[in-house]
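Enquirer: pasting a predicted model and its sequence here:
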Amino acid sequence: MLLPWSARALHRDVTSDEIPTWMCGWRRRAIIATCLWAAVAAIEMADLAAQETLRGSLSQQLLPQFQPDRPSAFVTPTSQLVQQFQRALQPALLTFGPFRGELTAGLGVTYDDNANLTNIDRQSEVRFDQSLGLKLNVPLSYLNQIGLQLGATLTEVVTSGKGAAQQGINNNSQPFDISIQPGTNVTYQFIVGDVLIAMHDYLTVLQDPTQDPSVANQSTLGSVTNDAGISALWNLGQLVLGGGFDYSYSTAQASGLTGGDRNTFRPAISAGYFLSPQVATGLNVTYVNSSSSGTGTLNSFAVGPFFHGQLTHAIAANLEGGFYFINASNASSIPSTEYYLTFAVSHQLTRYLQYIASFTRDINFSAANDLSENNNVTVGIGWKLGRDFQLSTNGLANFGKVLSGESPGSFSQYGVNVQLGWSPSGRIQTTLSYEFLVRHGSGSTGTLNGLGGNYQQDRVDLMVSYNF
């Protein structure tokens, strides 16, 4: 007989040395089941996190978000999600009243040689960053909890070299910018019988223009997105049925990005079948209605199967694909039929070495209702160097096409990132990174005054953070 989640939650065995049995049951299944929604986040380098897929980010919003100041390049494997929940049960660094969590503060400095992403008269900048991260959990009961996660950065441009921006070309750079990182959210989850109900509200403010590969000739992105919704997952044993509704509001404040505000509604349904406790397959269906004052109305229907899970102790994989059926009122250049495809694999070779490889093809929003096609290939390798040091390298190749907007056309983008981390104690983390990014092509969002869509950027970051 299938016990309801509420009954099974009471038969828990929480220890600090192993994954709790109650988590391995319904809660682990609930974690995996959140992936049934219409959009598993596009697997890209950290700097490409600004674009939102046409079919939405509901599954990304429902998945637990554990992102650094610059968002992770890859979807978190199921095993890592379980490990994150396991760590959440340990004594918190911050405890007051019913609140348990972590508080992190950081200071950093960034240099890049092409802040305005142009191919002529490049503008170099040195920026000083002050960041704050907060993760709080309020367990109201065994069946109800509230979560709060905040990641914010205040950036000050301390020196700026002469370049195209001095000539009045897309000079959107401000002395101070505030960024709110993806994953900043308030969530409330509760269980009624065999149904897990989750409500969420996510807020993101992005300033770095390299986070949108369709953008060129911009020094500031100024992208604000608020995403709110509700979902329900019905546990029928090996079969999980889901339904939900998501509303997104998005606007771009930079002067070179036009199209107005965007309002997007996404009802979605899904069905998933568990081949094993950690492997699921099923079908996602999403309807999209998006309107903008500057670019009209867009309607889309997305449907496709998925397969994902922890295949072995060391290997996790995600495969997802399907079709879009699109009707755009003011953009004849947008195809009526498109497809999406995601394949990703994570392999823990040894306790010190892991690699993640992925290919993603999807249709993404740029400014307002403008769309772009992205074909991304990413490879990442992480090494643990002794007790205190970690080294990671990431490579990116993106072959894309701006389907609608000011400058439709094709583009290609290549990048590499090398990051060295040093943790002298459990509270202090120091990170030094270098990133190289190059873009070629005629198609771009924000191409003004006859400039093309080509640019090259070198960037160096130094960040020190402290966990209170």
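Expert: Received the coordinates, thanks. The shown structure was predicted, so the numbers you read here are calculated from the model rather than taken from an experiment. Numbering: from 1, shown residues only.
Enquirer: now Gln207: how far from Thr159?
Expert: 17 Å (C-beta to C-beta, to the nearest Å). No exception for glycine: its C-beta is placed from N, CA and C like everyone else's.
Enquirer: of those two, which one has the most company?
Expert: Set Gln207 next to Thr159 and count neighbours by other C-beta atoms under 10 Å: Gln207 wins out with 22 against 10.
Enquirer: ok, now which ones touch the more buried one?
Expert: Thr155, Asp177, Ile178, Ser179, Thr220, Leu221, Gly222, Ser223 (C-beta atoms under 8 Å, 6 or more residues apart in numbering).
Enquirer: could you measure from it over to Ala357?
Expert: Taking C-beta to C-beta, one finds Gln207 at 30 Å from Ala357.
Enquirer: repeat for Ser329
Expert: Applying C-beta to C-beta to Ser329 and Ala357 gives a distance of 39 Å.
Enquirer: same question, Gln413
Expert: Gln413 is 18 Å from Ala357, by C-beta to C-beta.
Enquirer: higher neighbour count, the two?
Expert: Neighbour totals were compared for Gln413 and Ala357, and Gln413 leads with 25 against 17 (other C-beta under 10 Å).
Enquirer: can you tell me how far the more buried one sits from Val438?
Expert: 7 Å.
Enquirer: and if you look at Ala397?
Expert: 11 Å.
Enquirer: and if you look at Asn235?
Expert: Asn235 is 48 Å from Val438, by C-beta to C-beta.
Enquirer: wait, Tyr340 sits on Phe359?
Expert: No - applying C-beta atoms under 8 Å as the test, Tyr340 and Phe359 come out as separate, 11.5 Å apart.
Enquirer: neighbour count for those two, which is higher?
Expert: Tyr340 (23 against 15).
Enquirer: any idea what the closest residue in space to that one that isn't next to it in sequence is bridged to?
Expert: Excluding the flanking residues, the one nearest Tyr340 by C-beta to C-beta, 6 or more residues apart in numbering is Asp362, at 4.6 Å. Beta bridges link Asp362 to Asn374 when assigned by DSSP bridges.
Enquirer: what's near enough to touch Asp362?
Expert: Going by C-beta under 8 Å, 6+ apart, the list of residues near Asp362 reads Ala42, Thr53, Leu54, Arg55, Tyr340, Leu341, Thr342, Glu373, Asn374.
Enquirer: lowest average confidence, helix or strand, in this protein?
Expert: helix 5-10 (a mean of 33; mean pLDDT, DSSP states H and E).
Enquirer: what's the nearest residue to Glu125 if we skip its chain neighbours?
Expert: Using C-beta to C-beta, 6+ apart, the closest residue to Glu125 is Ala115 (4.1 Å).
Enquirer: could you say what helices and strands the helix or strand harbouring Ala268 packs with?
Expert: Using DSSP states H and E, Ala268 falls within strand 262-276. Packing partners of strand 262-276 (3 or more C-beta pairs under 8 Å, 6 or more residues apart in numbering; DSSP states H and E): helix 28-33, strand 239-252, strand 279-292, strand 296-310.
Enquirer: now these as JSON lines including mean neighbour count, distance to Gly101 and mean pLDDT?
Expert: Formatted as JSON lines, those follow (neighbours: other C-beta atoms under 10 Å; distance: least, C-beta to C-beta, whole Å; pLDDT from 0 to 100):
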{"stretch": "helix 28-33", "mean neighbour count": "21", "distance to Gly101": "19", "mean pLDDT": "42"}
{"stretch": "strand 239-252", "mean neighbour count": "20", "distance to Gly101": "26", "mean pLDDT": "89"}
{"stretch": "strand 279-292", "mean neighbour count": "20", "distance to Gly101": "29", "mean pLDDT": "91"}
{"stretch": "strand 296-310", "mean neighbour count": "19", "distance to Gly101": "27", "mean pLDDT": "90"}
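Enquirer: quick one: the helix or strand containing Asp201 to strand 239-252, angle?
Expert: For Asp201, the element it lies in under DSSP H and E is strand 195-206. With axes from the mean of the first three to the mean of the last three C-alpha atoms, to 10 degrees defining the directions, strand 195-206 sits at 20 degrees from strand 239-252.
Enquirer: of all the residues in strand 195-206, which ones are buried?
Expert: Leu196, Ile197, Ala198, His200, Tyr202, Leu203, Thr204, Val205, Leu206 (16 or more other C-beta atoms under 10 Å).
Enquirer: for the third one, which non-adjacent residue is spatially closest?
Expert: Excluding the flanking residues, the one nearest Ala198 by C-beta to C-beta, 6+ apart is Gln189, at 4.7 Å.
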